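**Student:** compute the structure for the input listed below.
(chains A and B)
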Amino acid sequence: MTTPLLEVKNLRVDLPTERGMLHAVRGIDFHVNRGELLCLVGESGCGKSMTSLALMGLLPRKAVRTADHLRFDGSELQGLPERGMAALRGARMAMIFQEPMTSLNPSYTLGDQLCEALRAHRKVSMAQARERAVYLLERAGVPQASDRMRQYPHQLSGGLRQRVMIAMALMCEPDLIIADEPTTALDVTIQAQILRLLRELQQEFGMAVVFITHDLGVVARIADRVAVMYAGEVIETAPVAELFARPTHPYTQGLLQCIPVRGKTLPGSRLQAIPGVVPSLVGTVQGCAFANRCTHVQAACAHTPPYVALNARHAARCVQAQSLAEAA
Amino acid sequence: MTTKSPVPLTTPTALPAPPGSDIALELCALHRSFRLKRGLFRAPGEIHAVNDVSLRIRKGETLGLVGESGCGKSTLAKMLLGLLPPSSGSVLVDGKEIDPRHRRALARRIQPIFQDPYSSLNPRRTVADIVGVPLRLHHVGTAAEQRQRVREMLDLVGMPERTHAQYPNQLSGGQRQRVAIARALVLRPDILICDEPTSALDVSVQAQILNLLLDLKAEFGLTYLFISHDLGVVEHLVDRVAVMYRGAIVELGTREQIFARPEHPYTRRLLASALTPEPGLGIPDIERATMA
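**Tutor:** You can find the predicted model right below:
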């Protein structure tokens, strides 16, 4: 068995707030293999973005990150000084954010920013950097790439900006890309193009991707494997086809039932909504965090549920995982 | 939708429907352009945000309006609500032309629900206060009757009693949208303009709000103009669909027509790019999908 590129064990992120300590990420385990696309899916406040920032070492200053381990390509990221992390970031792990306008510098040309991404980490000439930038812009589907190098971010449409962000993330040939809702701000036709591009480049360059989204349609189409998050925990993980065919955790089941699907949901019929709201993560959560919204709740749910392995690649954090999996 | 309309719905026309028909809302050749200043030495340009749009919405019908950002959906909604005067053309409610200067009369018939309930709810007023504002503005009933009506409305949208004295920042996103819906319905309008009402909500909450909209429509016989970019939601909710592209309606048809037999290339392109939650299908190649 090959070792995974990224291995996360018992990751926790705590944020002090006025109302007390917010446990944004509450002890999650997951791994990403080389060349694999893992989707972290969940609703707002489930801790998916905090997880990605924790991996990149980009958490807000007051946030506290702890973990049993956080291994990237065999070496531990915890305790790595900021300089060591900065050397990795952008070079071996790169990030693509939701809103490219806030991550591109408005006062520098695209060419300057793309070349900087490479020259910060590698000893290459400006000419070599420019050559790579133009090549990657072209690969990312930016028309007239060499002319665009002189343009500023505001001169581009949202879709083009996201293509530039992808090109920038690829400048140093990273092993891992973390993409946090990269297409949420885009129109559907542009979204499909950007996702397709990301998937093609990922396969071509053999990168691993952690793809963060709330959109189950996107998950279904792009993921190799999925980790479903709820209230700061990973509550189910499975290969994509298995997750959609045999969702096991009651939250995953509920999520999949509440979106209307063509050919399955009768138009105009009532949708299966999940009652109630997500619990507050300020203070401690007793037992299963989903218990107050779950239709299968029983006495045992008052204790922290175990992570039940249903097979080698499918696990769910629910006391009834075994029986629910058999019923599914 | 059992009764057949005596006036054609599928071929939009710039002529208003005859009086007494079952058309709740009609747009006749509605047009709105914006002037663009392009610097000192260049002639100002003009953008036709909504270009000659004619549409009829039957009483009790849900019409979906789909299109991508910048296609003119929201400009259209603003004109229907009297928030933006049209450059030309007219809006008719129940066969009577609406003068956008008489916003108050219009508000009794047409009410909006917007995407982001947080920015449309006054943060310094309580939930009950917010829902009561339209009643006070329109002098409907006594203070006691107003309070009663507000309570009934909040009850109907599923807001428990204890939330009535709370402020918007104490509510979840779904609850805020429920408050916005209660406020929109408190004057008992006939028509709701829903502009991306669930886009800012999580999917589990979206289902709750969509169910609520379906229930309210059944209860009050409401007419909805449902503006959304989410084709799955549109297909679930609407009777007919209008596809908008660059300010114009490029295709109009029943749900079955649009989703099963789209004709306009842009409609096909939109449908091809919708990502339904079906693994194994991969990410669509839109260029190829729309060639066929």
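
**Student:** which residues of chain A score low on pLDDT?
**Tutor:** A:1 (pLDDT under 70).

**Student:** for B:Gln148, phi and psi?
**Tutor:** Dihedral pair for B:Gln148: phi -60, psi -50, per degrees, to the nearest 10.

**Student:** number of nearby residues for it?
**Tutor:** B:Gln148 has 12 neighbouring residues, counting by other Cβ atoms under 10 Å in any protein chain shown. C-betas here are computed from N, CA, C, even on glycine.

**Student:** can you tell me the element residue 275 falls in?
**Tutor:** Using chain A. A:Pro275 belongs to no helix or strand when elements are defined using DSSP states H and E.

**Student:** likewise for the one 5 residues further on?
**Tutor:** A:Ser280 is located outside every helix and strand, with elements delineated by DSSP H and E.

**Student:** in what helix or strand does the residue lying closest to A:Tyr230 once chain neighbours are set aside lie?
**Tutor:** Distance criterion Cβ to Cβ, 6 or more residues apart in numbering or on different chains; nearest residue to A:Tyr230, sequence neighbours excluded, is A:Tyr251 at 5.0 Å. A:Tyr251 is part of helix A:250-257 when elements are defined by DSSP H and E.

**Student:** sheet partners, orientation included, of the very next helix or strand once past that helix?
**Tutor:** Heading C-terminal from helix A:250-257, the first helix or strand you meet, by DSSP H and E, is strand A:307-311. Using DSSP bridges, the strands paired with strand A:307-311 are strand A:314-317 (antiparallel).

**Student:** could you list the buried residues of stretch B:167-179?
**Tutor:** For stretch B:167-179, burial by neighbour count (16 or more other Cβ atoms under 10 Å in any protein chain shown) applies to B:168, B:171-179.

**Student:** with stretch B:47-61 instead?
**Tutor:** In stretch B:47-61, counting by 16+ other Cβ under 10 Å, buried: B:48-61.

**Student:** get me the contact residues on the stretch 1-150 of chain B for chain A.
**Tutor:** Contact residues, the stretch 1-150 of chain B versus chain A (Cβ under 8 Å from any Cβ of the partner chain): B:68-69.

**Student:** run through the stretch 1-150 of chain B and note the low-pLDDT ranges.
**Tutor:** Ranges of the stretch 1-150 of chain B meeting pLDDT under 70: B:1-20, B:100.

**Student:** where does it get nearest to chain A, which residue?
**Tutor:** B:Glu68 (3.9 Å; Cβ to the nearest Cβ).

**Student:** contact partners for the closest residue to that residue other than its chain neighbours?
**Tutor:** Spatial nearest neighbour of B:Glu68, chain neighbours left out: A:Asp187 (3.9 Å); criterion: Cβ to Cβ, 6+ apart. Applying Cβ atoms under 8 Å, 6 or more residues apart in numbering or on different chains, we find A:Asp187 in contact with A:158-159, B:68-69, B:229.

**Student:** how near is A:Asp187 to B:Asp230?
**Tutor:** 12 Å (Cβ to Cβ, to the nearest Å).

**Student:** residues touching residue 270, list them.
**Tutor:** Using chain A here. B:211, B:214.

**Student:** look at chain B instead
**Tutor:** Shown in contact with B:Leu270 (Cβ under 8 Å, 6+ apart): A:188-189, B:66-68, B:231, B:243.

**Student:** as CSV, the contacts of A:Asp187 with neighbour count would be great.
**Tutor:** Output for the contacts of A:Asp187, formatted as CSV (neighbours: other Cβ atoms under 10 Å in any protein chain shown):
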residue, neighbour count
A:Gly158, 17
A:Gly159, 20
B:Glu68, 19
B:Ser69, 13
B:His229, 18
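
**Student:** the nearest residue to A:Gln257 once chain neighbours are set aside: what's it in contact with?
**Tutor:** Among residues not flanking A:Gln257 along the chain, A:Gln272 sits closest, at 3.9 Å (Cβ to Cβ, 6+ apart). Contacts for A:Gln272 (Cβ under 8 Å, 6+ apart) come out as A:254, A:257-258, B:207.

**Student:** mind checking which of these are buried?
**Tutor:** A:254, A:257-258, B:207.

**Student:** follow-up on the earlier one: save the contacts of A:Gln272 as CSV, and put in distance to A:Ile194 too.
**Tutor:** Converted to CSV, the contacts of A:Gln272 look like this (distance: Cβ to Cβ, whole Å):
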residue, distance to A:Ile194
A:Gly254, 29
A:Gln257, 28
A:Cys258, 26
B:Ala207, 27
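
**Student:** between these, which sits nearest A:Gln322?
**Tutor:** Each of the contacts of A:Gln272 was checked against A:Gln322 using Cβ to Cβ; the closest is A:Gly254, at 18.8 Å.

**Student:** distance of the nearest residue to that closest one once chain neighbours are set aside from B:Val53?
**Tutor:** Leaving aside its chain neighbours, A:Gly254 sits nearest to A:Ile274 (4.2 Å; criterion: Cβ to Cβ, 6+ apart). To B:Val53, A:Ile274 is 38 Å away according to Cβ to Cβ.

**Student:** now do B:Val186
**Tutor:** For B:Val186, the distance to B:Val53 - Cβ to Cβ - is 29 Å.

**Student:** and A:Lys48, by the same measure?
**Tutor:** Counting by Cβ to Cβ - A:Lys48 and B:Val53 are separated by 40 Å.

**Student:** what does A:His154 give?
**Tutor:** Distance from A:His154 to B:Val53, by Cβ to Cβ: 31 Å.

**Student:** ok, back up a step: from the buried ones among the contacts of A:Gln272, pick the one nearest B:Gln148.
**Tutor:** For the buried ones among the contacts of A:Gln272, with B:Gln148 as the reference and Cβ to Cβ as the criterion, the closest is B:Ala207, at 30.4 Å.

**Student:** show me the contacts for A:Ala140.
**Tutor:** A:163-164, A:166-167, A:170, A:197, A:201 are the contacts of A:Ala140 under Cβ under 8 Å, 6+ apart.

**Student:** kindly apply the preceding question to B:His229 instead.
**Tutor:** Contacts of B:His229 by Cβ under 8 Å, 6+ apart are A:187-188, B:66-69, B:196, B:199.

**Student:** out of these, which sit inside strands?
**Tutor:** B:Val66 (DSSP state E).

**Student:** any chance of JSON lines for the contacts of B:His229, columns distance to A:Val234?
**Tutor:** Output for the contacts of B:His229, formatted as JSON lines (distance: Cβ to Cβ, whole Å):
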{"residue": "A:Asp187", "distance to A:Val234": "31"}
{"residue": "A:Val188", "distance to A:Val234": "28"}
{"residue": "B:Val66", "distance to A:Val234": "35"}
{"residue": "B:Gly67", "distance to A:Val234": "37"}
{"residue": "B:Glu68", "distance to A:Val234": "34"}
{"residue": "B:Ser69", "distance to A:Val234": "33"}
{"residue": "B:Glu196", "distance to A:Val234": "31"}
{"residue": "B:Ser199", "distance to A:Val234": "27"}
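
**Student:** assumed B:Thr75 was part of a helix.
**Tutor:** Yes. Assignment of B:Thr75 by DSSP: H, G, I helix; E, B strand; the rest coil places it within a helix.

**Student:** isn't it up against B:Pro86?
**Tutor:** No. Look at B:Thr75 against B:Pro86 with Cβ atoms under 8 Å: they stay out of range, at 9.5 Å.
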